[in-house]
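[1] Pasting the sequence and the predicted coordinates here, then a few questions.
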Amino acid sequence: MLPLAIMFGPSDWVPNNKNLPVLYYSSVIAADGNLADLFEQRFLANGWQGCWRNGIFSYQHYHTQAHEVLGIAQGTGRVLLGGPDGRAFDVSAGDCVVLPAGTGHRKIDSSADFLVVGGYPPHQYADICTTRADAHDLGTIESLALPASDPVIGLGGPLIDLWKLT
């Protein structure tokens, strides 16, 4: 299964990632069973760590110190990716989004039962950035290690090819 790959340029104060696309997997896990457990197990099996369960913040933010995977485990939502001038996506249980460091994101709206499972590549931990990135932040985003595996597919998954730096 190939994800939709979307590049975002800078948007107002959000830097986004100039080298790596956002990856959007639609209905990557069948919406039956306990999707939170299934996403968490898949992320961990594919080498991603620090799994959490919650929602998506309703304010615009990005991370400089981690790439992030978001698995929609329950409900539906509308999320804005790519900063204030980005693109809104309707997500539902079974969808998954992989955000390269620097990518702006926020929840616009969601169902009451909206649940997300998130995680990060090894040795990466998300900071919450809500202001313009400075030169140090941009350097951190650009030099952040690429994950060794796709959080959804694993070794040899599309992320590996789509996130090659040229």
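    Now that the structure is in, tell me what you want to look at.
[2] Report the buried residues of stretch 57-69.
    By 16 or more other Cβ atoms under 10 Å, the buried positions in stretch 57-69 come out as 60-69. Just so you know, the C-beta spots here come from the backbone N, C-alpha and C atoms, and that holds for glycine as well.
[3] Direction included, what does the helix or strand where residue 70 lies pair against?
    Taking DSSP states H and E as the criterion, residue 70 maps to strand 68-74. Here strand 68-74 is paired, per DSSP bridges, with strand 96-99 (antiparallel), strand 115-120 (antiparallel).
[4] for the ones you listed, which one sits closest to residue 135?
    strand 96-99 (21.8 Å; Cβ to Cβ).
[5] chain center to stretch 11-18: distance?
    15 Å (Cα atoms, centre = their mean, to the nearest Å).
[6] who touches that stretch?
    8-10, 60, 62, 82-86, 100-104, 131-133, 137-138, 141-142 (Cβ atoms under 8 Å, 6 or more residues apart in numbering).
[7] Filter those residues down to the buried ones.
    Using 16+ other Cβ under 10 Å, the buried ones in the contacts of stretch 11-18 are 8, 10, 60, 62, 82-83, 86, 100-104, 133, 137, 141-142.
[8] tell me which residues in the strand holding residue 70 are buried?
    In strand 68-74, counting by 16+ other Cβ under 10 Å, buried: 68-74.
[9] quick one: residue 5 is in a helix?
    No - Residue 5 is assigned strand when assessed by DSSP: H, G, I helix; E, B strand; the rest coil, not a helix.
[10] which residues does the closest residue to it other than its chain neighbours contact?
    Counting by Cβ to Cβ, 6 or more residues apart in numbering, residue 5 lies nearest to residue 21, which is 4.0 Å off, once chain neighbours are set aside. By Cβ under 8 Å, 6+ apart, the residues touching residue 21 are 5-7, 100, 162-163.
[11] most neighbours, which of those residues?
    residue 100 (26 neighbours; other Cβ atoms under 10 Å).
[12] any idea whether the closest residue to residue 71 other than its chain neighbours is helix, strand or coil?
    Nearest non-adjacent residue to residue 71, counting by Cβ to Cβ, 6+ apart: residue 39, 3.4 Å away. Of the three states, residue 39 takes helix according to three-state DSSP.
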